[in-house]
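> Here is my input, please return the structure:
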Amino acid sequence: MTVLARCLLCYPNYAEPQYAATTTATVTTRTPAYSGGSWQAALPLSNFALGKLYKPARSTDATNASTKFDIDLGENRWIGAVALIRHNLTPVVGTSRVKVTVDDTAGFGSPLNTPAFVNAFQVSRAVGSLPNGWALDTTNAPTQEELQHYRSLACVVVLDQNYFGRYVRVEIDDSTNTLGYVQIGGLFVGPWLQPNMNRAAGAQITWRDPSTLSVGDTGVRSYTVRPRYRQASFVLRSLGTDQALEFPFEMEGRLGIGSRVLFVMDPTSANHMHRWSFLGNLEELSPLEFPYINPTVGDKPIRIVEAL
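Just a heads-up that it's a prediction; the model follows:
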């Protein structure tokens, strides 16, 4: 039996404007600056700062020189995860790759991390997992057809730790993309946080279908089909008081239901990364529970719905 690793909750998203870290009498924000590569004028890199997944950035061609870009966050931030959302990277193992570099000085002369290209897709079907009679190739990633229902498909790069840097470089190697360009609907750049204890037994990840059904006078069923989305539900149990208040309690206060969190069910399972990793919103704010009279241990229910 495989035991799932502890999940990651990643926030805030520094790819979008944030309040300035320096507290002043006037509330100010820092908007990340994007540069590098070659991107279509109508679909520029600056669309990432809008946080609207339906307004993507699209490169002028698929060459490596055109699909790389740099981000200046305006000040040093903790960076541990980068995710490309609603991307069109080629779903073949080894054909599309992504490299993330973090530095605290411009020019990326002395990276804080050890940057290396990682495959955007991994083998997504374990040998022997398919029913008898299926002859699908288990050496490749999912096909474009199989990915159609992942409206907010995410390519997640999780760094080995959080690094305190101001500059992030994303390099994309997908020069043989059949569409002739790379398109990315949204971007996440921020720290990852991992609870000391694993999720409680009974954690769930599921598809939700908002499609509706109507039945006519003749009994004929008609469906209004809408995009499906994923939902994750779990409880972080036996959190110490400090972690409970400084992590999930603060997360809900900062994000509410309107700001997004990057969820990774199991950061060690590369072959399922695209299935149980997604950018989403907290569906509700739930109480931090103290089941014992002495509040040294807390439980925190969390429910996240995928952003479309």
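
> Run a quick neighbour tally on S211.
S211 sits with 11 neighbouring residues when counted by other C-beta atoms under 10 Å. Just so you know, the C-beta spots here come from the backbone N, C-alpha and C atoms, and that holds for glycine as well.

> quick one: contacts for it?
By C-beta atoms under 8 Å, 6 or more residues apart in numbering, the contact set of S211 is 223-226, 228.

> So what's the residue count around T28?
Residues contacting T28 under the criterion other C-beta under 10 Å number 9.

> nearest spatial neighbour of it, skipping sequence neighbours?
Across the structure, with C-beta to C-beta, 6 or more residues apart in numbering as the measure, the residue nearest T28 apart from its sequence neighbours is A20 (4.5 Å).

> That neighbour reaches T29, doesn't it?
Yes. Contact criterion C-beta atoms under 8 Å: A20 and T29 qualify, at 6.4 Å.

> and those two? which has more neighbours close in?
Counted by other C-beta under 10 Å, A20 and T29 do not tie: A20 has more neighbours, with 14 against 10.

> got a list of what the more buried one touches?
If you count contacts by C-beta under 8 Å, 6+ apart, A20 has them with 28-30, 74-75.

> And the pLDDT for the residue lying closest to N198 once chain neighbours are set aside?
Of all residues beyond its chain neighbours, the one nearest N198 is R6 (4.9 Å), with distances taken as C-beta to C-beta, 6+ apart. Here the pLDDT value assigned to R6 is 87.

> now the worst-scoring helix or strand of the chain on mean pLDDT, how far from the centre of its chain.
Evaluated with mean pLDDT, DSSP states H and E, the helix-and-strand set of the chain has its lowest mean pLDDT in strand 18-19, which scores a mean of 82. Computed by C-alpha atoms, centre = their mean, to the nearest Å, the separation of strand 18-19 from the middle of its chain amounts to 20 Å.

> Relative to R208, how far out is R230?
Computed as C-beta to C-beta, to the nearest Å, the R230 to R208 distance reads 7 Å.

> residue ranges for the strands of the stretch 201-308 of the chain, please.
Remark: strands of the stretch 201-308 of the chain, listed N- to C-terminal, are 204-208, 212-215, 221-224, 229-240, 260-264, 277-282, 297-306; assignment by DSSP state E, counting those that start in this stretch.
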